[in-house]
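Asker: Need the 3D shape of this:
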Amino acid sequence: MTLSENERKIEVLKVRYALDHIDLNPEQAEKIFLFEIEKRSGPHKYFFSIWEEMDFEQATFQTILNEIQFKIYLSNKESWLKQIEKNLIENDNQYLRQLNAAKEKLIYYNKTFIPDLRKYCMPLNLIFKIEKEKIGLLKSEYEKYLIDEKKNILIEHFRHSKTFQPIILELSLIRHDFNRLFPDYHSFKTQMDNPTKIIADYLEGRLANISEEIYNSLKNTILKLKEFNKSNTAKNIGEVKGWHLTIKNKEMSKSEEIMFAVLLDNTSTV
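Answerer: Reported below is the predicted structural model:
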């Protein structure tokens, strides 16, 4: 009599656990097999961090394994945790060059890029004065968006990395600062509720007639930013990889692309 596919998988599972000095009886092996299926099943909308998954596993195994087996399991788990922590620390150190590049870019944003943006956006001052109330409301919503995004960064970081990856955390927060200094209108728009979107659409319309002029005046500033990004990346990282900023987006109208100017903080000093 041949074994079914599941029976073969259960036999493989028993061998795997035997290598960790846990000898499972058939009932235990089947329960752990079903547990592993449950852990992997369903859509990926919800998922455990490595720490949550191991806690879930421990709580489940305590009901399946006998006392001696469970003590062995806990001992093995301690070794696995130490290896995970070591891997996280080693991975974190690989982001040091990216952090250095981000720090230099943040200085460039504060000293050069943002002041230039403010200067070239001055033709919008009349619209800003006339639509002061609507712009104030939109800025207020963007500030809430930024606070929410930062909270999400912190929650996700400590959920998955705990305190083992401080370099990645600092890098993530600096990248968040980029969106504070140079508002990410496109991402913000995808999160807007209907009342906020109505205000945003209205202001986009108000920018429609002047957006081409502003867009053209910004080309040199954006070119300088691209040149800085290229030299900064070459200096700190080497080969160009990953994310870099552009304003041009073929799916966006010019007025949408210039909406960052509405959210730009024109009062802060650098």
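Asker: How far does the worst-scoring helix or strand of the chain on mean pLDDT sit from its chain's centre?
Answerer: Lowest mean confidence among the helices and strands of the chain (mean pLDDT, DSSP states H and E): helix 254-257, at a mean of 80. Chain-centre distance of helix 254-257: 25 Å, with C-alpha atoms, centre = their mean, to the nearest Å.
Asker: Give the other helices and strands that that helix contacts.
Answerer: Here helix 254-257 touches helix 185-191, helix 194-207, helix 211-236, going by 3 or more C-beta pairs under 8 Å, 6 or more residues apart in numbering; DSSP states H and E. Placement of C-beta: from N, CA and C, glycine included.
Asker: Ile114 is nearest to which of those?
Answerer: Minimum separation from Ile114 across those (C-beta to C-beta) falls at helix 211-236, 9.9 Å.
Asker: which strands and helices sit next to the closest one?
Answerer: Where contact means 3+ C-beta pairs under 8 Å, 6+ apart, helix 211-236 is packed against helix 96-108, helix 114-120, helix 254-257.
Asker: how about the helices and strands packed on helix 254-257, which one is nearest Leu96?
Answerer: Leu96 sits nearest to helix 211-236 of all those, at 9.3 Å, using C-beta to C-beta.
Asker: which regions of the chain sit below the pLDDT cut-off?
Answerer: 1-3, 239-252, 266-270 (pLDDT under 70).
Asker: Could you list the domains of it?
Answerer: Domain assignment for the chain, taken from automatic domain parsing, gives 5-90, 95-263.
Asker: Return the distance of the last one from the chain's centre.
Answerer: Taking C-alpha atoms, centre = their mean, one finds domain 95-263 lying 15 Å from the centre of the chain it belongs to.
Asker: Done for today, thanks.
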